[in-house]
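1. what shape does this take:
(chains A and B)
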Amino acid sequence: MNDITLKVLKGEPRSVARLITLAENSYPEAAIAMKDIHPHTGKAHVIGITGVMGGGKSTLISEITREYRKQDKKVGIIAIDPTSPFSGGALLGDRVRMMELAMDEGVFIRSMGTRGMLGGLTSAVYDVVEILDASGKDIVIVETVGVGQAEVDVIKIADSTLVVLVPGLGDSVQTIKAGVMEIADIYVINKSDRPGVNQTVAEVESLVGIDCSNRDRKIPVLTTNARNGEGIKELVDEIIKHKEYLDNSKEFDIKRMKRYEAELIEIIRKRLMNLIFDESKFKDKVELLIYKIFKKEVDPYTAADEILGKILK
Amino acid sequence: MERKIRVLVAKPGLDGHDRGAKIVARALRNAGMEVIYTGLHQTAEMIIETAIQEDVDVIGLSLLSGAHMTLFRDVTKLLKEKNMQDVLVLGGGIIPKEDVSVLKKAGVDGVFGPGTHTEDIVVFIKKNVKL
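-> Modelled structure (predicted):
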């Protein structure tokens, strides 16, 4: 086991931060460290928080974290913001709402850009969850980018998924129900001081009623006001209850298996893409094939067969 | 794959003027960097703690209250204590000429006052950052 891995297992913040950087940039050292890390993971409760843009997710996470800290739990937070598809840069501003946690040694916050991933997460998020877990965090919170409809990947990584909405969305509850409204373990209607909160609760509850008729657990709909802490204690109680529910059902193992499936797919996808499009031995071949497709000398399916054939050989 | 440059843009001290910091943050993002913005009223300790967790390559400090001689040097002093001198430190805001050389001696690698072209900051970072 190398030095950085040992320090991560001791929870040393700088090594945790450095290993995250290595993983995020797909450095070979990261893959080596992650092999040693894996046996030390699986203890942390992973909470995914998703929901509409401007729903107050970051402020809510700050409050949830303070509640867990009262119970002496160590918390890791992964805050994901979109990477610009044009410049490749990102403005990561979620920390602004978590300022009070900055000096708490029991809290580790990492901001990440999506770096081209769709679905609300970022490619290295699986590694980062494992690193924070192995570093001794009891709770790992993943904040996705603000979602519209199809950004539902958070369920691949979270044990408990919170969908955050705000009052007065009205029809937008309807518009997001297709994807995002199907993934919640707990609904949170934040900014509960705003008008229309009862109506939103009623709308969501009626959706839940339709959805969970064949489940053994009714999905709770809670209201919070993260600004003044209202409803936070109740929310955390509900999250803990959900964890207990998972522990006592087969669902937990299924969720974890699904996470590892998603992680495995992501590692293979990254390596394959890297092999085909970045490594010099295929690059010329790929460029030539693209040109041939353009010239109608070959079709895209035959070209794909040819590339895959070369790799699998 | 090229490693992305990560920059912390921080506002130490008590002034609430963050337009400059936000413009610089945007310019760096548009140059392909990942920019973490902390918000206002940061202490040197908060800035260092954030820099550690976010594993940034660059810290950009913005201050318009005139307290830069104290607060910028608090940051560089802490960086030295934590053995983090490989992090590039930039200062911006209303900084009199005569203070610049003192700040540079104290470990502020670049000082950018009013009228700076954002492109100059991008070039400076790309030239001097240690990845």
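
2. just list whatever residues bridge to the residue positioned nearest the centre of chain B.
-> Chain B has B:Gly60 as the residue nearest its centroid, 1.3 Å off, counting by Cα atoms, centre = their mean. Beta-bridge pairing of B:Gly60 under DSSP bridges involves B:Val9, B:Leu90.

3. A:Ile189 now?
-> Counting by DSSP bridges, A:Ile189 forms beta bridges with A:Leu165, A:Thr223.

4. ok, it - contacts?
-> A:165-167, A:197, A:200-201, A:204, A:221-224 (Cβ atoms under 8 Å, 6 or more residues apart in numbering or on different chains). To be clear about C-beta, it is placed using only N, CA and C from the backbone, and glycine gets the same treatment.

5. identify each buried residue in the strand or helix carrying A:Tyr301, please.
-> For A:Tyr301, the host element (DSSP states H and E) is helix A:300-312. For helix A:300-312, a neighbour-count test (16 or more other Cβ atoms under 10 Å in any protein chain shown) marks A:303, A:307 as buried.

6. ditto for stretch A:101-109
-> Neighbour counts over stretch A:101-109 (16+ other Cβ under 10 Å) mark A:101-102, A:104, A:106-109 as buried.

7. so of those residues, which ones are in strands?
-> Those of the buried residues of stretch A:101-109 mapping onto strands are A:107-109, per DSSP state E.

8. what residues does chain B put near chain A?
-> Within chain B, the positions near chain A by Cβ under 8 Å from any Cβ of the partner chain are B:1, B:3-4, B:6, B:25-26, B:28-39, B:42, B:45-46, B:49-50, B:52-55.

9. which of those count as buried?
-> B:4, B:6, B:25-26, B:28-39, B:42, B:46, B:49-50, B:52-55.

10. helices - which of the residues you listed land there?
-> B:25-26, B:28-30, B:46, B:49-50, B:52-54 (DSSP state H).

11. okay if I get those as a markdown table plus pLDDT?
-> Below are those laid out as a markdown table (pLDDT from 0 to 100):
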| residue | pLDDT |
| --- | --- |
| B:Ala25 | 95 |
| B:Arg26 | 95 |
| B:Leu28 | 96 |
| B:Arg29 | 96 |
| B:Asn30 | 96 |
| B:Met46 | 94 |
| B:Glu49 | 95 |
| B:Thr50 | 96 |
| B:Ile52 | 96 |
| B:Gln53 | 97 |
| B:Glu54 | 97 |
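
12. not counting its neighbours along the chain, what's nearest B:Asp74?
-> Leaving out its chain neighbours, the residue that sits closest to B:Asp74 by Cβ to Cβ, 6 or more residues apart in numbering or on different chains is B:Ala44, at 3.7 Å.

13. considering only the buried residues of stretch A:101-109, which also neighbour chain B?
-> A:102, A:108-109.

14. take those residues and write them to TSV, including distance to B:Gly16 and pLDDT.
-> TSV is the format used below for these (distance: Cβ to Cβ, whole Å; pLDDT from 0 to 100):
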residue	distance to B:Gly16	pLDDT
A:Ala102	18	88
A:Phe108	28	97
A:Ile109	23	97
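
15. check contacts around B:Leu8.
-> B:35-36, B:38, B:47, B:50-51, B:54, B:56, B:58-60.

16. residues contacting residue 100?
-> I went with chain A, as the question did not name one. Taking Cβ under 8 Å, 6+ apart as the criterion, A:Glu100 is in contact with A:62, A:66.

17. the chain in question should be chain B.
-> By Cβ under 8 Å, 6+ apart, B:Val100 lies in contact with B:Val111.

18. list the buried residues of the helix or strand hosting it.
-> Assigned by DSSP H and E, B:Val100 belongs to helix B:97-105. The neighbour-count check on helix B:97-105 (16+ other Cβ under 10 Å) flags B:99, B:103 as buried.

19. that helix: how far from the chain's middle?
-> Taking Cα atoms, centre = their mean, to the nearest Å, one finds helix B:97-105 lying 15 Å from the centre of the chain it belongs to.

20. that helix: what's the following helix or strand?
-> strand B:110-112.

21. for the helix or strand following that following strand, list every residue counted as buried.
-> Remark: after strand B:110-112, the chain's next helix or strand is helix B:118-128, criterion DSSP H and E. For helix B:118-128, a neighbour-count test (16+ other Cβ under 10 Å) marks B:118, B:121-122, B:124-125 as buried.

22. tabulate the residues you listed (TSV), appending pLDDT and distance to B:Asp18.
-> Converted to TSV, these look like this (pLDDT from 0 to 100; distance: Cβ to Cβ, whole Å):
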residue	pLDDT	distance to B:Asp18
B:Thr118	94	15
B:Ile121	96	16
B:Val122	97	19
B:Phe124	97	21
B:Ile125	97	20
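
23. circling back to that earlier point, what is the nearest of the ones next to chain B among the buried residues of stretch A:101-109 to B:Lys77?
-> A:Ala102 (18.5 Å; Cβ to Cβ).

24. can you tell me which residues contact the closest one?
-> Contacts of A:Ala102 (Cβ under 8 Å, 6+ apart): A:95, A:109, B:38, B:42, B:46, B:49-50.
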